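Visitor: Just need the structure, nothing else, for what follows:
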Amino acid sequence: MDVNSVAAGEVEITYEASGPDMGQPVLLLHGWPDDPRTFDGVVPQLNAAGWRTIVPYWRGCGPTKFLNPEGPKTGETASLAADILAFMDALGFSRLPVVGHDWGGRVAYLLAAARPQRVASIAALSVPWAPGRIGVPPLPQVRAFWYQWFMNTEPGAAFVRENPLAFAREQWVAWSPPAPWFSDETFGKTAPSFQNPDWAAVTLNFYRSRWGADAPDPRFADLTREAEEARSIAVPTLVIHGSADTCVLPASFAGQEQHFTGTYRRVELEGVGHFPTREAPDKVAEALLTHLGEVGQH
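Guide: Prediction:
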């Protein structure tokens, strides 16, 4: 595995690359609260099938850093998507297949909706998509989103700033069936990523801008608007989610195929929670390889 960094817009993104040097590249985007370690059980299987995997750390996560330490620490989805577009430009990629979990899945959808020419296909794990601006979900999902409402209060935001590791670990505990899928050692391998000095600021802005406690960053208004105006997604899409996800409830995915005009496939993994790449990496890799092969990218 090669670990490199590259300037991309307002951040210097650290990323991991592995697999055949001349293999077809595929971009893997991790979720929150997580880091590239989430793909450790999937990457070797993609590499063995000939794929060159590229796995960046998000802004505010791990060694990725803002080029201007004093600048705004925006975390809204469009800012993350802008980072990825700049990252692709910096590496010389005009178009790539994109796989994203959680935050990464939301970015994959945004790119497919607003910049479809940049994505050959998308695979989104553990998050659904519907056109338009996000609205208040059904009440069972409202209850599951407790952590988002918590962060939209001042005491909650202060807690996240002061206790990033404890807050992150609580999501791992709460969102999936009880271990054995992770241990203190497993969490410990990813925990340093949450000690980035900007992790809490980016995290809080992602969720506070989503529900109105923080004003949107005008620099990303056009990209957000274009994504929200999209009525459908034509890019070939695979959706993977767990039947035991207690963060984004399985009911959230019902009927979403109506919003996709291209190839669409949904895979529900029995007994799996919010972290399919960690809980069922073999099944995820199998589904991804089928998807990537079907859309003729290899």
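Visitor: so residue 74 is in which element?
Guide: Assigned by DSSP states H and E, residue 74 falls within no helix or strand.
Visitor: Repeat that for residue 140.
Guide: helix 139-144.
Visitor: avg pLDDT for that helix?
Guide: The average pLDDT for helix 139-144 rounds to 98.
Visitor: Kindly report the same for stretch 60-78.
Guide: 97.
Visitor: Show me which positions of it end up buried.
Guide: 60-62, 64-66, 73-78 (16 or more other C-beta atoms under 10 Å). For glycine as for every other residue, the C-beta is placed from the backbone atoms N, C-alpha and C.
Visitor: Tell me the one among those nearest to residue 248.
Guide: Using C-beta to C-beta, residue 77 comes nearest to residue 248 of those, at 14.8 Å.
Visitor: can you give me phi and psi for residue 104?
Guide: phi -60, psi -40 (degrees, to the nearest 10).
Visitor: Now it: closest residue in space, sequence neighbours ignored.
Guide: residue 29 (2.8 Å; C-beta to C-beta, 6 or more residues apart in numbering).
Visitor: dump the residue contacts of residue 19.
Guide: Neighbouring residues of residue 19 by C-beta atoms under 8 Å, 6 or more residues apart in numbering: 43, 46-47, 50-53.
Visitor: go on, residue 221?
Guide: The contact partners of residue 221, by C-beta under 8 Å, 6+ apart, come to residue 78.
Visitor: count of residues packed around residue 243?
Guide: As a burial measure, residue 243 scores 11 neighbours (other C-beta atoms under 10 Å).
Visitor: Hmm, it is touching residue 272, no?
Guide: Yes. Contact criterion C-beta atoms under 8 Å: residue 243 and residue 272 qualify, at 6.6 Å.
Visitor: Just want the most central residue of the protein.
Guide: residue 104 (1.6 Å; C-alpha atoms, centre = their mean).
Visitor: hang on, the earlier thing: got the CA positions of the helix or strand just after the helix holding residue 140 in PDB?
Guide: Sequence order places helix 146-151 as the next helix or strand after helix 139-144, per DSSP H and E. Only the C-alpha atoms of helix 146-151 are listed here, as PDB (Å, rounded to 0.1, in the frame of the first residue of the first chain):
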ATOM      1  CA  TRP A 146     -30.600  11.400  18.100                       C
ATOM      2  CA  TYR A 147     -26.900  12.200  17.600                       C
ATOM      3  CA  GLN A 148     -27.800  14.800  14.900                       C
ATOM      4  CA  TRP A 149     -30.200  16.600  17.100                       C
ATOM      5  CA  PHE A 150     -27.700  16.400  20.000                       C
ATOM      6  CA  MET A 151     -25.000  18.100  17.900                       C
END
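Visitor: Okay then, goodbye and thanks.
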